[in-house]
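A.B. asks: coords please:
(one chain, ligands or ions: 1)
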Amino acid sequence: MDSILLTEDRPGLRQLYAEFLRNLGYQVIETGSVEDAKKAIEVTDFSLVLTDFMLPGANGIEFLKYLKERDPEFVVVIMTAFGEVKLAVEATRAGAFDFLEKPIDLDYLKIVVERGLEHRRLQRKDSFHELRAARDDHAIIGDAPTLRCALAMAEKVAPSEATCLLLGESGVGKELFAKFIHDHSPRRGAEHVSINCAAIPGELIESELFGHEKGAFTGAAAKKTGLVEMADGGTLFLDEIGELPIHLQPKLLRVIQSKDFRRVGGSRTLHSDIRVVAATNRDLKEGIREGWFREDLYYRLAVFPIEIPPLRERKSDLPCLVDHFLKQQNAGQSKLDSALMKELERYDWPGNVRELRNVLERALILSQGGALQREHFPDNMFDSAERVGFRFSVDLTRNFKDNQMRLEEELERHMIRLLLKEESGRRERVARRLGVSVKTLYNRMKTYGLEG
Ligand SMILES: Nc1ncnc2c1ncn2[C@@H]1O[C@H](COP(=O)(O)OP(=O)(O)OP(=O)(O)O)[C@@H](O)[C@H]1O
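C.D. replies: Numbers count the residues shown, from 1 in each chain. Purely as a prediction, here's the structure:
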């Protein structure tokens with residue numbers, strides 16, 4: 001619910017506006033002076049400030065400047081006495097969103113408040129545009145019964161408020177499912193915000209999620225709105241939830257349960273109405289036993305688990321997925337001949353649908369618009385390399401040092417691929433076997449194109 005701070009020193013008028021706004025469904029905090037208003041913003045996060053110009057303690061412009069310095073995103077509407085046009089111009093210059101002339105027409109007040117709140121939402125959206133899903137095609141392709149079953153579950157749970165946990169190997173489409181759930185929920189008009197807990201260093205994740213106040217730590221030069229706040233009214237998708245540091249898990253549980261949270265370095269309790277969808281390819285129950293995942297959070301997240309099957313268990317979906325990705329790359333006319341398709345079906349796809357998409361993208365580049373051939377796909381997909389060893393694409397007779405590097409990289413890449421396959425994509429197990437952290441593994445996978 002949006003909360004509005006109303007500052008007006010005349011009690012009768014204040015009450016009239018407050019009642020009117022409450023009847024429209026807003027939460028309204030009333031104050032009669034700038035001093036009280038300043039106290040109120042210490043404890044509540046307002047979506048809009050509606051303030052009289054002539055106030056005891058300070059005038060409206062001074063108050064407006066104070067608010068804007070504190071947070072440039074404050075949406076402030078100033079009420080002026082009839083005929084104070086000059087003041088209105090000054091107020092607009094100082095960053096007021098709009099002004100209202102007294103006596104205030106309540107219908108007009110309603111419109112200005114609605115516009116102000118919409119402006120705030122758009123403003124926030126803009127500053128987070130890079131976080132919005134880059135894809136515009138969210139279709140979930142596939143007819144395999146196991147995939148259809150997962151999709152039917154997602155369809156059932158989407159309209160509810162239930163927290164869901166998407167389970168499956170890397171690249172099976174967990175993020176796509178999360179978007180599907182959001183798009184089929186009553187929250188679809190608001191933001192779907194994603195965060196990959198494995199991709200952000202542990203020390204930054206708290207401020208990424210919950211935001212921070214100015215000066216909360218060295219380098220926090222300005223206030224930062226966190227993803228939890230940004231997803232207000234919408235869905236927060238937490239990918240690789242198993243990587244969320246244990247000390248942050250109670251904070252996440254709190255925001256799921258009571259919708260309350262605090263910014264890093266902040267003393268105010270803020271409120272954000274989010275629905276959480278989480279995903280993991282780690283065994284969270286094992287996490288509970290081993291002490292890296294909290295049991296209470298697990299049970300809260302696993303209210304509705306959905307298992308998305310790996311591609312190797314639904315190879316019947318390969319032709320339609322190939323078709324889909326070729327069309328997506330504007331290469332709808334390119335087709336794979338049946339022999340090549342059979343070869344693709346023999347492969348195990350440890351990186352799942354993501355690997356398929358990447359391999360096709362690469363093949364299209366190499367084929368330069370011509371027919372797709374076997375030679376356009378990575379060698380190791382077709383030979384028995386996975387079982388009996390692998391070939392190096394390095395000429396060892398030239399530039400020894402350079403080649404030594406490449407050899408090491410090839411070895412490492414191959415090792416990661418094999419282990420991912422052996423461990424059915426469970427990264428924490430692969431990381432453990434390699435003796436590196438999951439984050440390091442994740443970075444290497446990215447470097448070697450094993451991750452989209
Ligand atoms: N059934 C599907 N139909 C169409 N595209 C798909 C399908 N499944 C996955 N994809 C595509 O494959 C890529 C990887 O999917 P996604 O990011 O959803 O996987 P993920 O399970 O979340 O992976 P990770 O655990 O590594 O984050 C994306 O480009 C996604 O659009």
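A.B. asks: what's residue 293 in contact with, if anything?
C.D. replies: 242, 246, 249, 284, 287 (C-beta atoms under 8 Å, 6 or more residues apart in numbering). (Glycine included, C-beta is placed from N, CA and C.)
A.B. asks: Quick check: it vs the ligand, distance?
C.D. replies: Residue 293 sits 17 Å away from the ligand, taking C-beta to the nearest ligand atom, to the nearest Å as the criterion.
A.B. asks: for residue 189, same thing?
C.D. replies: Separation of residue 189 from the ligand (C-beta to the nearest ligand atom): 22 Å.
A.B. asks: helix, strand or coil for that residue?
C.D. replies: Here residue 189 is recorded as coil under DSSP: H, G, I helix; E, B strand; the rest coil.
A.B. asks: cool, the one 10 residues further on as well?
C.D. replies: Applying three-state DSSP to residue 199 yields a three-state assignment of coil.
A.B. asks: Quick check: it touching residue 441?
C.D. replies: No - counting by C-beta atoms under 8 Å, residue 199 sits too far from residue 441 to count as a contact (11.8 Å).
A.B. asks: the more surrounded of the two?
C.D. replies: A count of neighbours by other C-beta atoms under 10 Å puts residue 441 above the other of residue 199 and residue 441, at 23 against 15.
A.B. asks: now, among the contacts of residue 293, which is nearest to the ligand?
C.D. replies: Closest approach between those and the ligand, by C-beta to the nearest ligand atom: residue 242, at 10.6 Å.
A.B. asks: Now do the same contact list for residue 173.
C.D. replies: Per C-beta under 8 Å, 6+ apart, neighbours of residue 173: 140, 308, 352, 353.
A.B. asks: overlap between these and the residues near the ligand?
C.D. replies: Contacts with the ligand within these, as defined by C-beta under 6 Å from any ligand atom: 140, 353.
A.B. asks: JSON lines for the contacts of residue 293, including distance to the ligand, pLDDT and secondary structure?
C.D. replies: Listed next are the contacts of residue 293 as JSON lines, based on distance: C-beta to the nearest ligand atom, whole Å; pLDDT from 0 to 100; DSSP: H, G, I helix; E, B strand; the rest coil:
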{"residue": "242", "distance to the ligand": "11", "pLDDT": "93", "secondary structure": "helix"}
{"residue": "246", "distance to the ligand": "20", "pLDDT": "94", "secondary structure": "helix"}
{"residue": "249", "distance to the ligand": "19", "pLDDT": "96", "secondary structure": "helix"}
{"residue": "284", "distance to the ligand": "14", "pLDDT": "93", "secondary structure": "helix"}
{"residue": "287", "distance to the ligand": "16", "pLDDT": "92", "secondary structure": "helix"}
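A.B. asks: Quick check on those residues: which are buried?
C.D. replies: Applying 16 or more other C-beta atoms under 10 Å to these, the neighbour count classes 242, 249, 284, 287 as buried.
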